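Novice: This is a predicted model, with the sequence first.
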Amino acid sequence: MAKPTAPSTPRPWSGRFAGALHPRIARFNASIGFDIRLLPYDVAGSLAHVQMLGACGILSREEAEQIRQGLEQIEKEVAEGIFQPDPEAEDVHYAVERRLVALVGEVGKKLHTGRSRNDQVATDLRLYLRDEIDTIRQALWELRGVLLDLASQHVETILPGYTHLQRAQPISLAHHLLAYEEMLWRDWQRLGRVREEVNVCPLGSGALAGTSLPIDRQLVAHLLGFERISANSLDAVSDRDYLVEFHAAASLILVHLSRLSEELILWATQEFGFVALTDACATGSSLMPQKKNPDVLELVRGKTGRVFGHLQALLVTLKGLPLAYNKDLQEDKEGLFDTVDTVKACLEAMTILLREGIQFQTQRMEAAVQEDFSNATDVADYLVRKGIPFRAAHDLVGQIVRTCVAEGILLKDLPLERWKSFHRAFEEDIFAAIDPRQVVAARLSAGGTGFAVVREALQRAQARYQQTEPAEEPPLPPSSPGSGLPLES
Ligand code: ARG
């Protein structure tokens, strides 16, 4: 095994140490391999920090200006994709600082005045996640739009509704689609609430206890677009609650996408045949030439597990951590990045799939409704309207269904005399009452599947969809603060 040698690049903390870090341990300790994703946010945070240091007279105007120029150069390199992190840098924070010193010389070493990597990494994470939440909310919004388009085409398309995966009562297809829009609307709102928790500035908390230098935390928060500053320095550097909340919100998004996936997978089976997969989103079998597989939907359903896993992993990492920062917290990142990537990928795939990957087989849906007993409740409701207690009506209709099943006929095939033989309250209008289209149309209770109610629900959903249209411009590009703003507050 290689013998530890003195590092060619000193580490941010090397003053205290006479010996060198074992190269394998250096690698074990490093986060640069994954936290490089925070690069633009690290630079943005540093720009705001140095502007504050200049404004507060902690650095001279000239020093702050030199550092600012160096950071802007780095920002440019990042934007152009030519930034090369020092391979010896332990993490993204130190990579930026190393490059800064290379660009502007000794003065670059003043950037880290009054802060620690502990409050810095918490700040970077919050800036990063705030942006990603905005992107995910936009993706949710687009998927909601596709569901609303489909719903508007299918208010009067009817299909069997299920409980226990047994045919229960006929419903409007739009009602079914709007149920998913409702879930995604909640997801959109929920992420908005998580964003508020994320949008708090921890910078200025130092390593754990604050700083003796006269910093202005409000100014930094303002420059970075944060809503408020954290209240307790110990909490600020060790708090990852907002990540847990994000993982939980992401998990619910995946629950919803996974349920939709499962349903569409079922509907695409030959047994159901309620949707056909187009060539745009289906894949074939390498062995069975006749097959068309719903891989996209299966992948969405499958990826749900890893997102749940990251939530669990983070909770376990946090449990039992003493205050304040502990290196365990470095483990918060890879799961977070993977959850962000997974949620975005699944939302995009589902949007494409609903837009061009499936065709509803509406005739097949309608035919299914015609051929079953899903109108049995409506016979009971018919009797209720004639004054018969529901329990008695339910019992009687059960007997009628049993008779029909034994004879291999449907309710609509029973002649009026036979209806009357079961109960004299039955009249000619029983046939209209059990027509599936009429059955759906009649469910006019608030939130029900009656066509008129669904049309109103659709309008409400469309109105809130338009109100929540994402802003054309992203609110704050990651690297914009600092530049162009006056050095004095
Ligand atoms: N890479 C570290 C992390 O991700 C940054 C903070 C390091 N702080 C420290 N005291 N070692 O958490």
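Specialist: Received it, and whenever you're ready, just let me know what you need. Residues are numbered from 1 along each chain as shown.
Novice: For the chain, what lies in contact range of the ligand?
Specialist: 31, 35, 91, 117-118, 121, 325, 327, 329-330 (C-beta under 6 Å from any ligand atom). Every residue, glycine included, has its C-beta placed from N, CA and C.
Novice: Any chance of those in JSON lines with pLDDT and neighbour count as columns?
Specialist: What follows is these, written out as JSON lines (pLDDT from 0 to 100; neighbours: other C-beta atoms under 10 Å):
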{"residue": "Ser31", "pLDDT": "97", "neighbour count": "20"}
{"residue": "Asp35", "pLDDT": "97", "neighbour count": "23"}
{"residue": "Asp91", "pLDDT": "97", "neighbour count": "24"}
{"residue": "Arg117", "pLDDT": "98", "neighbour count": "21"}
{"residue": "Asn118", "pLDDT": "98", "neighbour count": "21"}
{"residue": "Val121", "pLDDT": "98", "neighbour count": "25"}
{"residue": "Tyr325", "pLDDT": "98", "neighbour count": "21"}
{"residue": "Lys327", "pLDDT": "98", "neighbour count": "8"}
{"residue": "Leu329", "pLDDT": "98", "neighbour count": "22"}
{"residue": "Gln330", "pLDDT": "98", "neighbour count": "17"}
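Novice: Show me which of those residues is closest to Asp381.
Specialist: Leu329 (58.7 Å; C-beta to C-beta).
Novice: what about the protein, any weak spots by pLDDT?
Specialist: 1-10, 472-489 (pLDDT under 70).
Novice: Geometric centre of it: which residue is closest?
Specialist: Ala250 (4.0 Å; C-alpha atoms, centre = their mean).
Novice: Quick check: buried residues in the strand or helix carrying that residue?
Specialist: Assigned by DSSP states H and E, Ala250 belongs to helix 241-267. Buried residues in helix 241-267, counting neighbours by 16 or more other C-beta atoms under 10 Å, are found at 242-247, 249-254, 256-258, 260-261, 263-267.
Novice: Which neighbouring elements make contact with the helix or strand where Asp395 lies?
Specialist: For Asp395, the enclosing helix or strand under DSSP H and E is helix 390-407. With contacts defined as 3 or more C-beta pairs under 8 Å, 6 or more residues apart in numbering; DSSP states H and E, the secondary structure elements packing on helix 390-407 are helix 376-385, helix 416-422.
Novice: now that helix and helix 376-385, what's the angle there?
Specialist: Helix 390-407 and helix 376-385 are oriented at 140 degrees to each other (axes from the mean of the first three to the mean of the last three C-alpha atoms, to 10 degrees).
Novice: Counting neighbours, which bits of helix 390-407 end up buried?
Specialist: 393-394, 396-397, 400, 404.
Novice: Which member of the residues you listed is positioned nearest Leu208?
Specialist: Nearest to Leu208 out of the buried residues of helix 390-407 is His394 (C-beta to C-beta; 66.2 Å).
Novice: Tell me how many other residues crowd the spatially closest residue to that closest one that is not a sequence neighbour.
Specialist: What sits nearest to His394 in space, not counting adjacent residues and going by C-beta to C-beta, 6 or more residues apart in numbering, is Ala380, at 5.2 Å. Neighbourhood size, Ala380 [other C-beta atoms under 10 Å]: 20.
Novice: Can you give me the separation between Ala380 and Ile265?
Specialist: Ala380 sits 33 Å away from Ile265 when distances are taken as C-beta to C-beta, to the nearest Å.
Novice: Show the contacting residues for whatever residue of the stretch 151-300 of the chain ends up closest to the ligand.
Specialist: Going by C-beta to the nearest ligand atom, the ligand is nearest to Ala207 of the stretch 151-300 of the chain, at 6.8 Å. Applying C-beta atoms under 8 Å, 6 or more residues apart in numbering to Ala207 gives the contacts 116, 118-119, 237, 324-325.
Novice: Same check on Val244?
Specialist: Listed by C-beta under 8 Å, 6+ apart, the contact set of Val244 reads 311, 314-315, 318.
Novice: Much appreciated, bye for now.
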